[in-house]
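> return atomic coordinates for the entry below.
(one chain, ligands or ions: 1)
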Amino acid sequence: MATSQPAILPDAGPFSLYVVMKVVGNKDTVIEQCKSLHQTLAVLNEQQPGAELRASIAFGQSFWSSLEKGSPAEFSDFRELGKGDITAPATGGDVLLHVNSSRHDLNFYLLRRFIEPMAKEIEVLDETYGFKYLDSRDMTEFVDGTENPKTVEARSDVALIKEGDFAGGSFVMVQRFIHNLPAWNRLSIQAQEKVIGRTKPDSIELDDVPAASHVGRVDIKEEGKGLKIVRHSLPYGSVTGEHGLLFIAYCSGQHNFNVMLESMYGESDGKSDQMLRFTKAVTGAYFFAPSVEMLDSL
Ligand code: HEM
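Numbers count the residues shown, from 1 in each chain. Next up is the predicted model:
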């Protein structure tokens, strides 16, 4: 099987970086930089043992089709969802860089080295640094990741395309959420648990998960089988400025993302995710992360 890019399967280190770029200049220079990423990673990991620096590069639909490498099945753009106060914008992007490691400084350094040679060719749409918070909690202070597939086998089963020209590749979904923590913290713990669908101290699923809770919206079965994705989201931001969750997840297809989003944003049965009263997506995009071999061949 082709090799998946390094940030996809392993458990993420405590620091991460997500950069969404638009290509505004010479496409070939950008591709050359993308192709050199894994070599740069290898050198940095040798120089800085223990950092476990891992990264993945992924491409937006229209940029990928301009490379004329064919298209993985049903690759489509993120579409706007919801209505009223509960909406998800589609903000696009040509290239996504996702980095994680045990060192914030190295994530920053890698991005500088990655961007400098092509600074004129791109516009950065979003650059967000994430960090593990408390015992793997989101800033709502609920544990995030409890039901994530755990073993490399389970993750690879969920995240990677198994066969065909795009084997080893993976679809990526990114949404940056800004939380309204004062509003969230006005709820009692019991009310917060009903919004999430799990207990706050120890992340145990409620006996009676409310249909409009977050878990009630995204724990979806089709033909008796639970829909799965591999999440690598982390909290980001500053106390006095914007803060929230940088949601990022990988999957072998886009179907599971689409079904979960439609359920969260009230498009499947009219019920929307109550968590979205306390957090708002300000970006939203889909990307495709080709296998290492396919990236090399671009
Ligand atoms: C579960 C938080 C956005 C998909 C959870 C859990 C929390 C959480 C606390 C329960 C613990 C766990 O299993 O990890 C958040 C926050 C979000 C967010 C704070 C944004 C601000 C999303 C989005 C999706 C998603 C956009 C997908 C479109 C899932 C899935 C589960 C989950 C699949 C596991 C459900 C299960 O099988 O029980 N999330 N989430 N989440 N979330 Fe989210």
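> three-state assignment of Tyr286?
Secondary structure assignment for Tyr286 (DSSP: H, G, I helix; E, B strand; the rest coil): strand.
> who's in contact with the helix with the most length in the chain?
Taking DSSP state H as the criterion, the chain has its longest helix at helix 27-47. Applying Cβ atoms under 8 Å, 6 or more residues apart in numbering, the contact partners of helix 27-47 are 5-6, 21, 23, 51-55, 57, 63, 66-67, 94-95, 97, 106, 109-110, 113-114, 117-118, 121-122, 292, 295-296, 298. For glycine as for every other residue, the C-beta is placed from the backbone atoms N, C-alpha and C.
> filter the residues you listed to the buried ones?
Buried by 16 or more other Cβ atoms under 10 Å: 5-6, 21, 23, 51-55, 57, 63, 94-95, 97, 106, 110, 114, 118, 121-122, 292, 295, out of these.
> just to revisit the earlier point, export the longest helix of the chain as CSV, just CAs?
The C-alpha trace of helix 27-47 is given here as CSV (Å, rounded to 0.1, in the frame of the first residue of the first chain):
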residue,chain,number,x,y,z
LYS,A,27,1.9,27.2,-9.3
ASP,A,28,5.1,25.2,-10.1
THR,A,29,7.1,26.9,-7.3
VAL,A,30,4.4,26.0,-4.8
ILE,A,31,4.3,22.4,-6.0
GLU,A,32,8.1,22.2,-5.7
GLN,A,33,7.9,23.4,-2.1
CYS,A,34,5.1,20.9,-1.3
LYS,A,35,7.2,18.1,-2.8
SER,A,36,10.2,19.1,-0.7
LEU,A,37,8.3,19.1,2.6
HIS,A,38,9.0,15.5,3.6
GLN,A,39,12.7,15.9,2.9
THR,A,40,12.8,19.0,5.1
LEU,A,41,10.9,17.0,7.8
ALA,A,42,13.4,14.2,7.7
VAL,A,43,16.3,16.6,8.1
LEU,A,44,14.7,18.5,11.0
ASN,A,45,13.7,15.3,12.8
GLU,A,46,17.4,14.1,12.5
GLN,A,47,18.7,17.4,13.9
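> which elements pack onto the helix or strand just after that helix?
Note on helix 27-47: by DSSP states H and E, the next helix or strand toward the C-terminus is strand 54-59. Here strand 54-59 touches helix 27-47, strand 95-101, strand 170-179, strand 285-289, going by 3 or more Cβ pairs under 8 Å, 6 or more residues apart in numbering; DSSP states H and E.
> mean pLDDT and distance to the ligand for those - can I get that in a markdown table?
Listed next are those as a markdown table, based on pLDDT from 0 to 100; distance: least, Cβ to the nearest ligand atom, whole Å:
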| stretch | mean pLDDT | distance to the ligand |
| --- | --- | --- |
| helix 27-47 | 96 | 26 |
| strand 95-101 | 98 | 16 |
| strand 170-179 | 98 | 4 |
| strand 285-289 | 98 | 11 |
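> tabulate these in a markdown table, adding columns for distance to Arg198.
Compiled in a markdown table, the helices and strands packed on strand 54-59 are given as follows (distance: least, Cβ to Cβ, whole Å):
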| stretch | distance to Arg198 |
| --- | --- |
| helix 27-47 | 35 |
| strand 95-101 | 24 |
| strand 170-179 | 17 |
| strand 285-289 | 27 |
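> out of these, flag the one nearest Tyr250.
Closest of these to Tyr250 is strand 170-179, at 4.5 Å (criterion: Cβ to Cβ).
> what about Ala2, which SS state?
Once three-state DSSP is applied, Ala2 turns out coil.
> against the ligand, how distant is it?
Ala2 sits 26 Å away from the ligand, going by Cβ to the nearest ligand atom, to the nearest Å.
> that residue reaches Ala289, doesn't it?
No: counting by Cβ atoms under 8 Å, Ala2 does not reach Ala289; the two are 11.7 Å apart.
> could I get the buried residue list for stretch 266-286?
Neighbour-count burial for stretch 266-286, counted by 16+ other Cβ under 10 Å, picks out 266-267, 271-276, 278-281, 283-286.
> who in the chain is up against the ligand?
138, 140, 142-148, 175, 177, 196, 198, 203, 214-215, 218-219, 229, 245, 247, 257, 260-261, 279 (Cβ under 6 Å from any ligand atom).
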